[in-house]
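Peer 1: My questions concern the predicted model and sequence given below.
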Amino acid sequence: MRRILVASALGQSGVELVPALRKHYGADPVVASDLRAVASQSFAAGGDYERLDCMRRSPFWLLGPVGNQNW
C-alpha cells in the first residue's frame, strides 16, 4: 500500500488537506507530520501523526515503521 506523508500538516494548508485526504483514501495511508511535538487531540485522533523536521537531510528514514507499514 502506498502511504501519503503530509509535511506541515498543522499549517494553514495542512489542516484542510489532511482531513480531505483521509476522507478520500481512508485514515491508514495518510500520515500527518509537523515540527510540533503534539498535535491537537481532535487532529491526532483522525490517524497517524509524526513529529518530523523535513529540513533535515534524511527525515523519512527516521520514521521507521508506521503502524504495520515501512517507508
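Peer 2: Thanks, I have it.

Peer 1: and Ser13, how many neighbours does it have?
Peer 2: 10 (other CB atoms under 10 Å). For the C-beta atoms, the positions are set from N, CA and C on the backbone; glycine is no exception.

Peer 1: Next, it: phi, psi?
Peer 2: phi -80, psi -40 (degrees, to the nearest 10).

Peer 1: What of the one 4 residues further on?
Peer 2: As for Leu17, its main-chain torsions (degrees, to the nearest 10) stand at phi -70, psi -50.

Peer 1: For it, which non-adjacent residue is closest in space?
Peer 2: Computed as CB to CB, 6 or more residues apart in numbering, the closest residue to Leu17 that is not its neighbour in sequence is Val6, at 6.0 Å.

Peer 1: Backbone dihedrals for the one you found, please?
Peer 2: phi -110, psi 110.

Peer 1: Any idea how many residues pack against it?
Peer 2: 19.

Peer 1: Spell out which residues sit in contact with it, please.
Peer 2: Taking CB atoms under 8 Å, 6 or more residues apart in numbering, we find Val6 in contact with Gly14, Leu17, Val18, Leu21, Val30, Val31, Ala32, Ser33.

Peer 1: again, only this time at 6 Å
Peer 2: Val6 makes contact with Gly14, Leu17, Val18, Ala32, according to CB atoms under 6 Å, 6 or more residues apart in numbering.

Peer 1: try Arg22
Peer 2: Val30, Gly46, Gly47.

Peer 1: if we take the residues you listed, which one ends up nearest to Arg2?
Peer 2: Within the contacts of Arg22, the smallest distance to Arg2 is 10.5 Å, found for Val30 (CB to CB).

Peer 1: just to revisit the earlier point, mind giving me the PyMOL select for the contacts of Val6, buried ones only?
Peer 2: The PyMOL selection below is limited to those of the contacts of Val6 classed as buried (16 or more other CB atoms under 10 Å):
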select buried, resi 14+17+18+32
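
Peer 1: Appreciated, that's everything.
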